[in-house]
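In: Sequence and predicted structure below; questions after.
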Amino acid sequence: MGETKKLAVAPIVQEGGSLLTAEQLTLLSELLANEGKAEITSFKQLYAEFDADKLEAGAAELETAGLLVSTAGSTVKNVIACNFCKGAEEAGLDLARRLDRAVAGMAAPMPLKVGYAGCALGTSEPLLKDIAVVKMKNRFDLYVGGDPRGIKPRIAQLLVEGLGEDSVVPAVLALIRLYVSSAERKTRFSRFVEQAGMERLRQVVKEEGAPE
Ligand code: SF4
């Protein structure tokens, strides 16, 4: 078996949840390296192994088939969103997609999970994610620091409430950029939140992320 490399593959953020079509599954199985495997991760990405020399062409084919392809490892993962059961508009599908496009694949000191829920029922478990956006009627609340790992799991804390739709992506990007630029390697985002402090993070969101 030659050299193989992993890519993270995910369905688009959509109504109904993380759905893969028969065509997408067939293509994925055709592109997998000989004896390669696809791992279903806990964060809704498939880690798929490709022959190293076919990686680029394979990624392009998957994207043409409507899948999202990004780097595996220490990156920002695809947004872990809810199923939008209240409908695309009411649950904010368009914003969740824009958020995913803006953050997925960014290099980070540790893998970073961003959650999205279309209402306060939060069936996508947003408060167990590093950064979470929860739609509350026509505004959005932003949470940070959730971490379900270990024997002392953390629930994300409310950082800012009532953001307007146009402020959400800049606010999340501002938090990620601060994390990337100032956290030491191997520092989990939840630990970084403790180190930076909620007031500092609120300030960053206010100054750089959410000009309201
Ligand atoms: S978070 Fe709300 S809108 Fe989203 S699937 Fe759950 S109940 Fe439906």
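Out: All right, it came through fine.
In: which residues does the most centrally placed residue in the chain contact?
Out: Centrality entry for the chain: nearest residue to the mean C-alpha point is residue 79, 2.8 Å, by C-alpha atoms, centre = their mean. Going by C-beta atoms under 8 Å, 6 or more residues apart in numbering, residue 79 touches 13, 96, 99-100, 103-104, 114-116. (Glycine included, C-beta is placed from N, CA and C.)
In: got it, and residue 195?
Out: Taking C-beta under 8 Å, 6+ apart, one finds 183, 187 in contact with residue 195.
In: Any figure for the gap between it and residue 176?
Out: 15 Å (C-beta to C-beta, to the nearest Å).
In: and what of residue 130?
Out: 9 Å.
In: which one is the residue nearest to the centre of the chain nearest to, not counting chain neighbours?
Out: Once flanking residues are discounted, residue 79 sits nearest to residue 100: 4.0 Å by C-beta to C-beta, 6 or more residues apart in numbering.
In: Surely that neighbour is in contact with residue 18?
Out: No. Residue 100 is not in contact with residue 18 according to C-beta atoms under 8 Å; the separation is 11.9 Å.
In: And these two? Which one has more around it.
Out: residue 100 (24 against 17; other C-beta atoms under 10 Å).
In: who's in contact with the more buried one?
Out: Counted by C-beta under 8 Å, 6+ apart, residue 100 has contacts 12-13, 68, 78-79, 81.
In: Does it belong to a helix, a strand or coil?
Out: Using DSSP: H, G, I helix; E, B strand; the rest coil, the three-state assignment for residue 100 comes out as helix.
In: State the pLDDT value of it.
Out: Listed pLDDT for residue 100 reads 98.
In: next one: residue 136
Out: pLDDT at residue 136 comes out at 98.
In: burial count for it?
Out: 13.
In: any idea how far residue 164 is from the ligand?
Out: With distances taken as C-beta to the nearest ligand atom, to the nearest Å, residue 164 is found 19 Å from the ligand.
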